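Student: This is the structure alone, sequence omitted:
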C-alpha cells in the first residue's frame, strides 16, 4: 500500500515569443466639413434629452392633422406627416448611431476599441 512508484518529471519551460512591435497610430486630419458635422452632432447630442420629448409630440400632432385632413384636397397633410416622421427618424439615427470622424479618430489615441469606423 505504501509502495508509490516515482515517475520521471520533465519540466519544460515554455518560451513566450516576442510580441510584434506596436506601430504608432496615424490620425488623419479632419476636413472642415467633418469638423462642422462634429459641432452640429455635439450640439444635437447635448440638446437631445430635451428634444427627444418635444419632437415626438410635434410628429404626433402632424399625425392627428393628417388623419383630420385626409380627404381635404390641397392640404398635403400626409406628405407633411411623412416629412416630419422622416426628419425625426433621421435625427434619431444621427444622434444615436452616427459618430463624427473627428471624434472617432480621437478615441484611437486613448487606447479604446472603436468599432464604428
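Tutor: In hand now; what should we look at? Computed from a predicted structure; not experimentally measured.
Student: Same question for stretch 38-57: list its buried residues.
Tutor: For stretch 38-57, the neighbour count (16 or more other C-beta atoms under 10 Å) marks 38, 41, 48, 51, 55 as buried. The way it works is simple: take the backbone N, C-alpha and C, and place the C-beta from them, glycine included.
Student: Those in helices, which ones?
Tutor: 38, 41, 48, 51, 55 (DSSP state H).
Student: Any figure for the gap between the residue nearest the centre of the chain and residue 42?
Tutor: Residue closest to the average C-alpha location in the chain (C-alpha atoms, centre = their mean): residue 97, at 3.2 Å. Note on residue 97: its distance to residue 42, by C-beta to C-beta, to the nearest Å, is 15 Å.
Student: One more: residue 64?
Tutor: Going from residue 64 to residue 42 by C-beta to C-beta gives 33 Å.
Student: How about residue 17?
Tutor: Distance from residue 17 to residue 42, by C-beta to C-beta: 44 Å.
Student: do the same with residue 11
Tutor: The gap separating residue 11 from residue 42 is 59 Å, by C-beta to C-beta.
Student: ok, residues contacting stretch 78-91?
Tutor: Residues from elsewhere that reach stretch 78-91, judged by C-beta atoms under 8 Å, 6 or more residues apart in numbering: 44, 51, 55-56, 58-59, 62-63, 65-66, 70.
Student: how about that stretch: buried residues?
Tutor: Applying a neighbour-count criterion of 16+ other C-beta under 10 Å, one finds 81, 84-85, 88 buried in stretch 78-91.
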